[in-house]
Every structure is written in structure tokens, then in C-alpha cells.
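A.B. asks: pasting the sequence and the predicted coordinates here, then a few questions.
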Amino acid sequence: MAQATTTLQQDLFEIPAEEEPPGHLANEVEEPPSLRLLRNRKKFFSGVPDASWNDWKWQFRNRITSIEALSKLIPLSVRDQINMRLVAEKYPLSITPYYFCLINHNDPHDPVRIQSLPAIEEIALAGILPEDPLEEERDSVVPGLVHRYPDRVLLVVTDICPMLCRHCTRKREWRRGRWVRTPSEIDRMADYIASNPGIRDVIISGGDPLTLSNRQLESILQKMRRIEHVEIIRIGTRVPVVLPQRIDDELCRVLSKYEPIWLNTHFNHAGEITEEARAACNKILRHGIPINNQSVLLAGVNDTVEKQLSLCHNLLKAKIRPYYLFQADEVEGTEHLRTSVEKGLRIIEGMRGHTSGLAVPTYVIDLPGGGGKVPLQTSYLVSRADGELVFKNYLGKIYRYHNPRMLASVGSRNGRRKPNDSQMALEMAVA
């Protein structure tokens, strides 16, 4: 057997021991999210009738948007209140009552709490990272329309969200007031897309586009569908996670009129997948709209193999495809939520082979400076030799693989090279 002629290929990164995600032996039994939701609703919102609770407009109007309102619901020390107020002056607070009830309020490190409540690190670490690391504003060809890839564009149609996620990529927009693109601004976007026939994929984002009324949303969809070369429309939304009441029959009928539409949502932890969230996603699916999930790797939220497996398995049970696991963007006010890339690679390595490939998302980095998304994965190729590849599998065992070579005669007949006897015999057999 041929000997390796190249040096041993190392893994993409040398991983320090302290960065190793835990193994698969966690024994902690978590409270089912629907049970926690019910218990907290009785505790904090017992006087709210079902008709109001299940009305998405009531949920939106009654968001918790001040530290004063928050302190009336849960005990906060004077220090916590002072710190949260300082943070909220720069990065406001907004949580729907529904999502607030998913928090385990006995755990200061609860993953839902980490995503939704202000933390002093958001301003204490200010200046480390840029406001717009992906340079979306630079790549905006008209206001609100980002054209970075040849065949797709991103429409930022509003900055309004039901909940302000503390790891948000567009955190810079929070202090610019609440706005929605005007019909004339949407027309400018549609005119640009119509004049560029290479654009086949339109992504509608925000803020959260599902905070728009059905009439506003349908107007945008109509304008996109009038453009002949637009093949698919994608909607990026966290509504199924933080405001599932918004997913009603009327909205689904509007979306289904303009198919093919794909919906990309954003579950980060299995504790967010309640029966209400499942029902909302099921309603979308039954109207012919596929759902992908794009999670973000967040410190203390989903940065272990166990938490990622639990998330992805529960997503599949809800008929949602785990699509991307994003390395958290380099956004000002989020440094405390970011993990190392090495940890992300170890998590993917710990998932691969221990569950079906369908449950393993693609781990990606959206490169700063507008470089676009690039996938990352641990290397299973150990070495490359003449005619042979050496691999390790998910258990670390070594396997050798014969690497077929192209026939030298292919494309070389014009007097450049004469095929040998074995190659001529193979070609005659094929003929």
C-alpha cells in the first residue's frame, strides 16, 4: 500500500481543553417549556382571559418595555435595576408576555433570560466590536435593499420586533425609533430588482416583517411576485418563537397565495419549543410553506453538544429543518454572548455520527466587512497520498480510501499523449 507522501493534516484548529463542550452524559431533567409557560402565566398574568392572551395584538401591546414594569413582575436588586436602566438607555428592552413566561425565574443563567433581559456587559464591553460588522449599509443599493450575492437580495422592511433579542445583528437600529418602509421605498426596491434579471431569490427581513399588517405584507409580496425572474421569496422571522399567536389562518392564507415562500425562523433553545410554537409552525407547514431554523451559537444558551442535540431533535419533531448554526456576529453590545469558533467546531464534531445528518445544521460564519457566509466543519481528512486518502470517522478510527484518478487519455488525443494499453482496453470495453 502506498505510503503517505504529505505531512499529517491537522484539524482546522488546535482546541484547548477548556473549550471542549461537555460530553453526552447530562442527567438534568428540564421542565417542559409548555408546563413552565402555564405555571408562569398563572403567576404573572392570572387576570388575563384566554381571548386576550391568544390575541397577538394584545401580546404586542402589552410587551414589557421598561425596567419599572419588569421590576413589578420579578424581584430586582437596586444594583440590577440601576444596571438595567443604564443598558436600556442605549439598547431598549422589549419582551412579549408569552416569551417572558418561558423564563425560569429561579435561574439567573436561564437561556431564555439571557436572550431577553438587559445585561451590564452590553455597555461595559462597548467599543470592542463595530455596530454594523456585515456592512449592510454599505451594500444597500437603495435604502433598505442589500445586494451582496449575485442572485439574491435582502429587504429590510421594518425595524420593529415583538422582542429585542440581546444578540441581535441589527442592534444599531434599536435607538433609531420605530419605522416601517413606505410604499414608495418598497417601490424603489421592486424597481431595482426588476431591472436586475439575475436576482432570483428575495429575502424579506427586518426587524420582523410579520409585525406588519397582513395588508402591508401582502402589498410587498404582490410587488415581488410581479417580477418574472424572482423565483422564490424567503421570510426571516422570530415570530413563531416569541409571538406564535401571530400565526393565524388569515396570515397563512396570505402567504400561501404567493408561493413558493420559505420561512426561516430562529429557535435557539429547546425551551422555546412549546406546544403553542409547534402549533403555529404546523399551521404554516399545512399551508405549503417549508420552515428552516437558523440558530445562533450563544454562550450559556446553546453552547454544548447536549443543548444543540436537544434543540435540533425537538425541531425535527416539530417538522422544522435545522438549517444554519451561526457563529454570533461581531456586533457591538454582544461580546459577552459570543463563543469561540473552536467551541462551535467541537459541538458539530460531537453531533456528527451521534445523530442523523438531518439533525446537524451547517455551522457558518457571516464574515465581517460584507464577505458573506462561509461554512466551517472539522476535518475528517487525516492525510493525502498518491492514490490514497486517510480519514478518521466520528469515533476517531482510521480508514484508508482509494482515490480514483482521471484517465490520462481523456481530452488528450490530439497528438499530445498516447494512451497506454490498459486505458485503451478500458475505453474499448466502455464503447
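C.D. replies: Right, received. Where do you want to start? Computed from a prediction, not measured in an experiment: that's the story for all the values here.

A.B. asks: is it correct that A51 falls within a helix?
C.D. replies: Yes: when the secondary structure is assigned by DSSP: H, G, I helix; E, B strand; the rest coil, A51 falls within a helix.

A.B. asks: where are the low-confidence patches of the protein?
C.D. replies: Residue ranges of the chain with pLDDT under 70: 1-29, 406-431.

A.B. asks: okay, now the domains of it?
C.D. replies: Per the record, the chain has its domains at 28-124, 140-376, by automatic domain parsing.

A.B. asks: could those domains go into CSV alongside distance to V382 and mean neighbour count?
C.D. replies: Every C-beta, even on glycine, is put in place using the N, C-alpha and C of the backbone. As requested, the domains of the chain are arranged in CSV below (distance: least, Cβ to Cβ, whole Å; neighbours: other Cβ atoms under 10 Å):
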stretch, distance to V382, mean neighbour count
domain 28-124, 36, 16
domain 140-376, 14, 19
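
A.B. asks: list the contacts of L395.
C.D. replies: Contacts were defined as Cβ atoms under 8 Å, 6 or more residues apart in numbering; by that measure L395 touches G353.

A.B. asks: how about the helices in the stretch 201-350 of the chain?
C.D. replies: All helices of the stretch 201-350 of the chain, identified by DSSP state H, counting those that start in this stretch, fall at 214-225, 239-242, 249-256, 275-286, 305-317, 341-351.

A.B. asks: go through these and name the closest to V78.
C.D. replies: helix 239-242 (29.1 Å; Cβ to Cβ).

A.B. asks: show me what the closest one is packed against.
C.D. replies: Secondary-structure packing of helix 239-242 (3 or more Cβ pairs under 8 Å, 6 or more residues apart in numbering; DSSP states H and E): helix 97-100, strand 261-265, helix 275-286.

A.B. asks: quick one: strands adjacent to the second one?
C.D. replies: Strand 261-265 has its sheet partners listed here by DSSP bridges as strand 232-236 (parallel), strand 291-297 (parallel).

A.B. asks: can you redo the ones you listed as TSV with distance to T304?
C.D. replies: Conversion of those to TSV gives the following (distance: least, Cβ to Cβ, whole Å):
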stretch	distance to T304
strand 232-236	26
strand 291-297	10
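
A.B. asks: and those: which comes nearest S77?
C.D. replies: Go through the strands paired with strand 261-265 one by one with Cβ to Cβ and the one that ends up closest to S77 is strand 291-297, at 29.0 Å.

A.B. asks: helix or strand for the residue nearest to P118 when sequence neighbours are not counted, just tell me which one.
C.D. replies: Beyond its immediate neighbours in the sequence, the residue positioned closest to P118 (Cβ to Cβ, 6 or more residues apart in numbering) is V87, lying 3.8 Å away. Secondary-structure element containing V87, defined by DSSP states H and E: helix 78-90.

A.B. asks: the spatially most central residue of the chain and L86, how far apart?
C.D. replies: Among the residues of the chain, the one closest to the centroid is Q294, at 2.3 Å (Cα atoms, centre = their mean). In this structure, Q294 and L86 are separated by 31 Å, where distance is defined by Cβ to Cβ, to the nearest Å.

A.B. asks: got the CA positions of stretch 230-237 in PDB?
C.D. replies: Listed in PDB are the C-alpha atoms of stretch 230-237, where the atom choice follows Å, rounded to 0.1, in the frame of the first residue of the first chain:
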ATOM      1  CA  VAL A 230     -38.000  36.300  -8.900                       C
ATOM      2  CA  GLU A 231     -38.300  32.500  -8.300                       C
ATOM      3  CA  ILE A 232     -38.500  32.200  -4.500                       C
ATOM      4  CA  ILE A 233     -39.300  34.500  -1.600                       C
ATOM      5  CA  ARG A 234     -37.900  33.900   1.900                       C
ATOM      6  CA  ILE A 235     -39.200  35.500   5.100                       C
ATOM      7  CA  GLY A 236     -36.900  35.800   8.100                       C
ATOM      8  CA  THR A 237     -38.900  36.000  11.300                       C
END
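
A.B. asks: what lies in contact with that stretch?
C.D. replies: 193, 199-206, 208-210, 221, 224-225, 255, 258, 260-266, 294.

A.B. asks: got it, and stretch 310-327?
C.D. replies: Stretch 310-327 is contacted by residues 264-265, 267-270, 273, 277-278, 281-282, 285, 290-297, 302, 308, 338-339, 341, 344, 347-348, 351, 355, 358-366, 376 when judged by Cβ under 8 Å, 6+ apart.

A.B. asks: let's see it at 7 Å
C.D. replies: Counting by Cβ atoms under 7 Å, 6 or more residues apart in numbering, the neighbours of stretch 310-327 from elsewhere in the structure are 264, 267, 269-270, 273, 278, 281-282, 285, 291-297, 302, 341, 344, 358-359, 361-366.

A.B. asks: same question, stretch 65-78
C.D. replies: For stretch 65-78, the surrounding residues in contact (Cβ under 7 Å, 6+ apart) are 44, 64, 81, 84-85, 88, 92-94, 105.

A.B. asks: give me the distance from that stretch to the chain's centre.
C.D. replies: For stretch 65-78, the distance from its own C-alpha centre to the chain's C-alpha centre is 30 Å (Cα atoms, centre = their mean, to the nearest Å).

A.B. asks: with stretch 136-155 instead?
C.D. replies: 19 Å.

A.B. asks: and the strands in the protein?
C.D. replies: Remark: strands assigned in the chain by DSSP state E are 140-142, 145-149, 152-156, 201-205, 232-236, 261-265, 291-297, 321-327, 362-367, 372-376, 381-385, 388-392, 398-402.

A.B. asks: thanks a lot, catch you later.
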